[in-house]
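Asks: predicted structure and sequence below. I'll ask about it afterward.
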Amino acid sequence: MTQLFILKVLAATTAYFLLGVLWYSSLLFGPEWSKLVKKTGNKKSKIGAAAAHTVTFFGQLLSCLVMGILIVVLRILGAGDGAFFGMILGLAFVAMTMLSEAVYSGQPSKLYLINASYRVLGFALAGAIIAP
């Protein structure tokens, strides 16, 4: 792997993570998300914010690394095609898996939409950054 590839994966991971910081902040969906999580009886993470952010970052790093490898192998070129590829991966593998879990757990559809749309947008953003 080239240094440029690694830098792109790290940049994509950081952008995806920062999107989450904004997404779940009081500027966007944070207050509504908090209300919906409390309504379902779910409790926020017991491991603490720093540990939760660390786990999230490394999970996103792995996702971006695998997406990057697929982008290289499939020869996806350009930010537009990379974003589209990321969106397709996010919809097919993340949002659909989350949908099944949401349906079985009785999660409110609004909570599912907040969470899943963040993931799909994050994957699209990462794909746009990684694609050469």
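Replies: Now that the structure is in, tell me what you want to look at. Residues are numbered from 1 along each chain as shown.

Asks: dump the residue contacts of residue 64.
Replies: If you count contacts by C-beta atoms under 8 Å, 6 or more residues apart in numbering, residue 64 has them with 9, 12-13, 16, 126, 130. For every residue, glycine as well, the C-beta is placed using N, CA and C.

Asks: ranges for the strands of the chain?
Replies: Using DSSP state E, no strands are found in the chain.

Asks: and the longest helix for it?
Replies: helix 49-73 (DSSP state H).

Asks: hang on, the earlier thing: sort out for me which of the contacts of residue 64 are in helices.
Replies: 9, 12-13, 16, 126, 130.

Asks: and residue 115, how many neighbours?
Replies: By other C-beta atoms under 10 Å, the residues close to residue 115 number 22.

Asks: can you point out the buried residues in the helix or strand bottoming out on mean pLDDT in the chain?
Replies: Least confident helix or strand of the chain, by mean pLDDT, DSSP states H and E, is helix 30-39 with a mean of 89. For helix 30-39, a neighbour-count test (16 or more other C-beta atoms under 10 Å) marks 33, 36-37 as buried.

Asks: of those, just say which sits nearest to residue 116.
Replies: Distance to residue 116 across those (C-beta to C-beta) is lowest for residue 33, with 12.1 Å.

Asks: contacting residues around the residue nearest in space to the middle of the chain?
Replies: Nearest residue to the geometric centre of the chain (C-alpha atoms, centre = their mean): residue 119, 3.2 Å. By C-beta under 8 Å, 6+ apart, residue 119 lies in contact with 90, 94-95, 98.

Asks: now render these as JSON lines, adding distance to residue 27.
Replies: JSON lines is the format used below for these (distance: C-beta to C-beta, whole Å):
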{"residue": "90", "distance to residue 27": "22"}
{"residue": "94", "distance to residue 27": "23"}
{"residue": "95", "distance to residue 27": "23"}
{"residue": "98", "distance to residue 27": "23"}
